[in-house]
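Novice: Coordinates for the following, if possible.
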Amino acid sequence: MTLTQAALGKTTLTRQVLMALGGAAFIAIATQISVPFFPVPMTLQTLAILIVGLSFGARLGTATLLTYLGYGAMGLPVFANGMNGLAFVGPTAGFLFGFVLMAGLAGLAADRGLTKGVVSTAAVTLALSALLYLPGIAWPMAVASATGVEAGWVGQGLGYYWTYFTSPFLIGDAVKAILAALVVTGAWKALKARQS
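Specialist: Numbers count the residues shown, from 1 in each chain. Sure thing, here's the model as predicted:
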């Protein structure tokens with residue numbers, strides 16, 4: 001059972017659609033929030049994605065992320081730095097598609113009951129944050145050139161992607177993963193306290 005199922009009970013299709021639309025809007029807003037951090041500023045995008053996935057479950061979490069990507073494809077400025085669908089061929093496109101996997105797997109962990117305690121939830125969120133780098137780096141390293149994209153960030157060596165796509169974000173991603181775990185497990189505790 002997911003957090004939203006425990007809080008709302010059985011949801012109708014209409015409520016699920018509204019949750020997906022609202023969840024996608026929540027992610028879009030969080031993406032525009034930049035927090036000063038070392039070594040680079042940190043957006044709250046992956047924090048919001050993890051919260052949505054852990055709270056909504058695999059199917060609704062995945063649908064929510066597809067909705068979020070759909071907002072961008074329609075030209076809405078929902079991606080980092082106000083980008084829209086043009087980001088699908090930019091250097092971070094692999095991360096955008098990886099977000100769907102991140103939310104789906106976070107939701108799957110929630111569906112299986114693996115995210116009730118802080119430690120187990122943090123283990124899930126940290127693992128998913130690390131896993132996100134695979135599609136994030138695969139896109140500029142190999143996939144973009146195979147699809148005909150030509151740019152200075154395409155087809156570079158692993159050291160380039162470590163320097164510009166990975167190492168500056170590791171600490172921030174770990175912090176957001178832990179925060180997501182704390183938010184969701186805190187919400188579970190608050191819900192249980194209210195129900196008792």
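
Novice: can you pull out the helices in the chain?
Specialist: For the chain, the helices defined by DSSP state H cover 3-8, 13-32, 45-56, 58-73, 93-111, 118-131, 133-138, 144-146, 158-161, 170-195.

Novice: by contact count, what packs against the first one?
Specialist: Spelled out, that is helix 3-8. Counting contacts by 3 or more C-beta pairs under 8 Å, 6 or more residues apart in numbering; DSSP states H and E, helix 3-8 packs against helix 45-56, helix 170-195. Heads up, the C-betas are built off the backbone N, CA and C, glycines and all.

Novice: any idea which of those is most buried?
Specialist: helix 45-56 (a mean of 28; mean count of other C-beta atoms under 10 Å).

Novice: for this structure, what helix or strand is lowest in average pLDDT?
Specialist: For the chain, counting by mean pLDDT, DSSP states H and E, helix 144-146 ranks last in confidence among helices and strands (a mean of 87).

Novice: Give me the below-cutoff pLDDT ranges for the chain.
Specialist: Applying pLDDT under 70 to the chain flags no residue at all.

Novice: now the least confident helix or strand of the chain: how far from the chain's centre is it?
Specialist: 24 Å (C-alpha atoms, centre = their mean, to the nearest Å).

Novice: that older thread, for the helices of the chain, give me a markdown table that also has distance to Asn81.
Specialist: Listed next are the helices of the chain as a markdown table, based on distance: least, C-beta to C-beta, whole Å:
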| stretch | distance to Asn81 |
| --- | --- |
| helix 3-8 | 30 |
| helix 13-32 | 8 |
| helix 45-56 | 11 |
| helix 58-73 | 12 |
| helix 93-111 | 13 |
| helix 118-131 | 21 |
| helix 133-138 | 16 |
| helix 144-146 | 19 |
| helix 158-161 | 20 |
| helix 170-195 | 16 |
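
Novice: Relative to Pro39, which of these is closest?
Specialist: Set against Pro39 and scored by C-beta to C-beta, the helices of the chain come closest in helix 170-195, at 7.8 Å.

Novice: show me the contacts for Ile51.
Specialist: Neighbouring residues of Ile51 by C-beta atoms under 8 Å, 6 or more residues apart in numbering: 180, 183-184.

Novice: Using JSON lines, please lay out the helices and strands packed on helix 3-8 together with distance to Thr2.
Specialist: JSON lines is the format used below for the helices and strands packed on helix 3-8 (distance: least, C-beta to C-beta, whole Å):
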{"stretch": "helix 45-56", "distance to Thr2": "6"}
{"stretch": "helix 170-195", "distance to Thr2": "10"}
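
Novice: rewinding a little: please identify which of the helices of the chain is closest to Asn84.
Specialist: Closest of the helices of the chain to Asn84 is helix 58-73, at 5.3 Å (criterion: C-beta to C-beta).

Novice: Let's see that closest one as CSV, backbone CA atoms only.
Specialist: Only the C-alpha atoms of helix 58-73 are listed here, as CSV (Å, rounded to 0.1, in the frame of the first residue of the first chain):
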residue,chain,number,x,y,z
ALA,A,58,4.7,2.5,-9.6
ARG,A,59,1.9,3.0,-12.0
LEU,A,60,0.7,6.5,-10.9
GLY,A,61,4.2,7.6,-10.3
THR,A,62,5.2,6.6,-13.8
ALA,A,63,2.1,8.2,-15.3
THR,A,64,2.9,11.4,-13.4
LEU,A,65,6.4,11.6,-14.8
LEU,A,66,5.1,11.0,-18.3
THR,A,67,2.6,13.8,-17.7
TYR,A,68,5.5,16.0,-16.6
LEU,A,69,7.5,15.2,-19.8
GLY,A,70,4.3,15.8,-21.7
TYR,A,71,4.1,19.3,-20.3
GLY,A,72,7.6,20.0,-21.6
ALA,A,73,6.8,18.4,-25.0
